[in-house]
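Chemist: Kindly return the folded structure for what I paste below:
(chains A, B, C and D)
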2 protein chains.
Amino acid sequence: MNSKDIAKIVGVSRSTVSRVINNYPDIPPATREKVLKAIKEYNYYPNASARRLVGMKSSTLGLFIIDIRDNEEPHHVIENNEDLLYGNSFFSPFINAFIDQSNKAQYHVLVSTVYSSGELWKIQSAFCEKRIDGAVIIGSSNDDYKKITEIVDKDFIMVAVDLDVEEENAGKVMSVNVNNYGGVSDALEYLIELGHRDIGIITGDLSKLSGKVRFDSFKHTLSRHCLPLREDFIGYGDFTEYSGYEAMKKILISEKYPTAVFVSNDTMAIGAYRAIKERGLKIPEDISVIGFDNSYISQYMSPPLTSVNVSLPEIAKCSIDLLLESINNNEIKPIQKTVDVEIIKRNSCRKIE
Amino acid sequence: MNSKDIAKIVGVSRSTVSRVINNYPDIPPATREKVLKAIKEYNYYPNASARRLVGMKSSTLGLFIIDIRDNEEPHHVIENNEDLLYGNSFFSPFINAFIDQSNKAQYHVLVSTVYSSGELWKIQSAFCEKRIDGAVIIGSSNDDYKKITEIVDKDFIMVAVDLDVEEENAGKVMSVNVNNYGGVSDALEYLIELGHRDIGIITGDLSKLSGKVRFDSFKHTLSRHCLPLREDFIGYGDFTEYSGYEAMKKILISEKYPTAVFVSNDTMAIGAYRAIKERGLKIPEDISVIGFDNSYISQYMSPPLTSVNVSLPEIAKCSIDLLLESINNNEIKPIQKTVDVEIIKRNSCRKIE
DNA sequence: CTGAAAGCGCTTACAG
DNA sequence: CTGAAAGCGCTTACAG
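Modeler: Modelled structure (predicted):
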């Protein structure tokens, strides 16, 4: 069943069929009805490839999840649930939200994973093969993104999510970021309000935007409030649970430990909880903990974790808006958007005197 | 840059360029080299639509997540993190695994959500528009799947995941399922081994395969061991956390309550834990709990939940194998596969005398 | 071994 | 208002 068949059935030309499909004006209602009826009756759908070939959009957005670990095997496939962990806490909900919002905007979405630099060509090829009209890149470090911009043509429509825009690229790239800076200062000010003065931090991966900015904001906010930053109150993590565990253990080594700790994401907070409990300390009685991301699990931790909520659906929405505007106007306006953030108070922080 | 350009550059015809791209034999190595070199140098990628149009595969698999709630608004978009919950525990990790495995098999994946019966045409259209070569359908109840088979042509290649195959369809449909039956009987036998005799159950949504089979297996296994099934030890849930909470409250109403409860999925176990704690009971001292799915969160519950592990990556692998075989041979062999299951023992079940 | 040509299914100037 | 025709970029018999 193709447009020719429909044309024959209705007794018009393919041009006319095409015109009603594409909502041209100047088609007499009667003709339009007849064509529509035949289309429905014969269950006809225009071939997407043929449409693409004559220059129409593919109506497809690409979503590239970058998780490069070049030191490991080239294409590491998720073999067990443990590997899914990483995806689960941040990427997965974002993927869902992105698909959902794209679908709502009448776009298909093509999802791909990139596990090594050697797979970066996937992005370029999806564009060159004309499979997608635009793409979101998520999960890349600044280094990775640099590589991407080297490989992928500059005139393809991409928005980078959760990515630091380097000076050289600023004004050239579309991106949407979480208000990491504000979120951390809010979190800290909340702790300070509760009376805390000895506040520690578990940092994230400092090569990622979120890791770096959260640490910076922590330092600035502390000094703005004239509070000291003690080196032994800093634990360096990399966003994984285990690193959170180790970092917290390190912080708790000395006999004087902070009364509150800001943990740069919830996944590390899980590890931190474990270290605190192993040390025989109670949350929040002995030590208050605040996380970041408000991931699914935080509400179920004991005690439920106070955390900075990042609205993944809102990030998805912003990215798609940027993408679609760019696609429709066929121009790349280098806009940086920031999505705001809010503290979800639960029971892991207490007031002290 | 298209095949004509490459042809001109190399000094051959487009036919030849096409032949080297498609690995035809009988091309002199020298020619092949030259063409490959130009392709690389000019960063040429063949247009996927044009290839599709001349009959090649689209190299794309569809993944349709069915979550029909017709009583709610037609297209409910995920607006807040709470909505993501449902996706998180089961779908999300599956989506990840599916994308990963498809990518590894050199396939793209097009993901779509279906939130109402009115959107079921999306499946048909993706096929008819020739966007995909095959598709996995997940999350549908038997009713939903029936509707799907009514709408979607029988000659499209689909595999149903976690779906009951009705008698009338058996032998016509490709599907992969979890060994729900074996998983539940294993779980129960584990409890029995620990000395439990008064065992309760919180059922899932009985209109879904997993809900129904888990309940059936529970009843059969109990009777095989000559253990009674007390009506007041049964709580009816629907796989959501809140339903688990309510169901457990109902079970705990009478003064005699079971020493162990099988909960049909981990999400409901979260609710069940809450109800048990509110009642002032301890897990596993007063009551043992075993879940199903071994979802991400189960290890972090307190106490960590013993659960039946379902290997989502393995399900993904099976589905893709089925799909690819069907696509390559261009025939639908109605095969039903079952993925095995294993108990992950943690601290929510205790031995009793 | 290789090129010229047909054809995949559409859309869109162009002409009427 | 509508049809005939060109053309999008490929692949694949066909002929040589």
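Chemist: mind listing the helices for the stretch 1-150 of chain A?
Modeler: A:3-10, A:14-21, A:29-41, A:48-53, A:81-86, A:92-104, A:121-128, A:142-151 (DSSP state H, counting those that start in this stretch).
Chemist: mind giving me CSV with those and columns for distance to DNA strand C and mean pLDDT?
Modeler: Bear in mind the C-beta positions are built from the backbone N, C-alpha and C, glycine included. Formatted as CSV, these follow (distance: least, C-beta to the nearest atom of the strand, whole Å; pLDDT from 0 to 100):
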stretch, distance to DNA strand C, mean pLDDT
helix A:3-10, 3, 91
helix A:14-21, 3, 93
helix A:29-41, 10, 91
helix A:48-53, 3, 92
helix A:81-86, 39, 40
helix A:92-104, 21, 87
helix A:121-128, 18, 92
helix A:142-151, 29, 85
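Chemist: Indicate which one of the ones you listed is closest to A:I253.
Modeler: helix A:81-86 (26.8 Å; C-beta to C-beta).
Chemist: follow-up on the earlier one: among the helices of the stretch 1-150 of chain A, which is the most enclosed?
Modeler: Scoring the helices of the stretch 1-150 of chain A by mean neighbour count under mean count of other C-beta atoms under 10 Å in any protein chain shown gives helix A:92-104 as the most buried, with a mean of 25.
Chemist: would you list the helices of the stretch 1-150 of chain A in CSV and tack on distance to DNA strand D?
Modeler: Formatted as CSV, the helices of the stretch 1-150 of chain A follow (distance: least, C-beta to the nearest atom of the strand, whole Å):
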stretch, distance to DNA strand D
helix A:3-10, 7
helix A:14-21, 4
helix A:29-41, 4
helix A:48-53, 4
helix A:81-86, 35
helix A:92-104, 25
helix A:121-128, 9
helix A:142-151, 19
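Chemist: could the ones you listed be laid out in JSON lines, adding distance to A:L194?
Modeler: Putting the helices of the stretch 1-150 of chain A into JSON lines (distance: least, C-beta to C-beta, whole Å) gives the following:
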{"stretch": "helix A:3-10", "distance to A:L194": "68"}
{"stretch": "helix A:14-21", "distance to A:L194": "62"}
{"stretch": "helix A:29-41", "distance to A:L194": "63"}
{"stretch": "helix A:48-53", "distance to A:L194": "57"}
{"stretch": "helix A:81-86", "distance to A:L194": "31"}
{"stretch": "helix A:92-104", "distance to A:L194": "29"}
{"stretch": "helix A:121-128", "distance to A:L194": "45"}
{"stretch": "helix A:142-151", "distance to A:L194": "34"}
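Chemist: quick one: which of those is nearest B:V213?
Modeler: Among those, the nearest to B:V213 by C-beta to C-beta is helix A:81-86 (21.8 Å).
Chemist: Alongside DNA strand D, which residues does chain A contribute?
Modeler: By C-beta under 7 Å from any atom of the strand, the part of chain A that sits against DNA strand D consists of A:12-16, A:19, A:25-28, A:31, A:50, A:53-55.
Chemist: What ranges in chain A fall below the confidence cut-off?
Modeler: Filtered on pLDDT under 70, chain A yields the residue ranges A:70-90, A:164-171.
Chemist: Now do the strands in it.
Modeler: A:60-66, A:108-114, A:134-138, A:158-161, A:174-178, A:199-203, A:234-236, A:260-263, A:288-293, A:306-310, A:336-339, A:341-344 (DSSP state E).
Chemist: Dig out what A:S288 forms beta bridges with.
Modeler: A:A260 (DSSP bridges).
Chemist: Can you name the residues that contact it?
Modeler: A:L191, A:L194, A:H196, A:T259, A:A260, A:V261, A:S348, A:C349, A:R350, A:I352 (C-beta atoms under 8 Å, 6 or more residues apart in numbering or on different chains).
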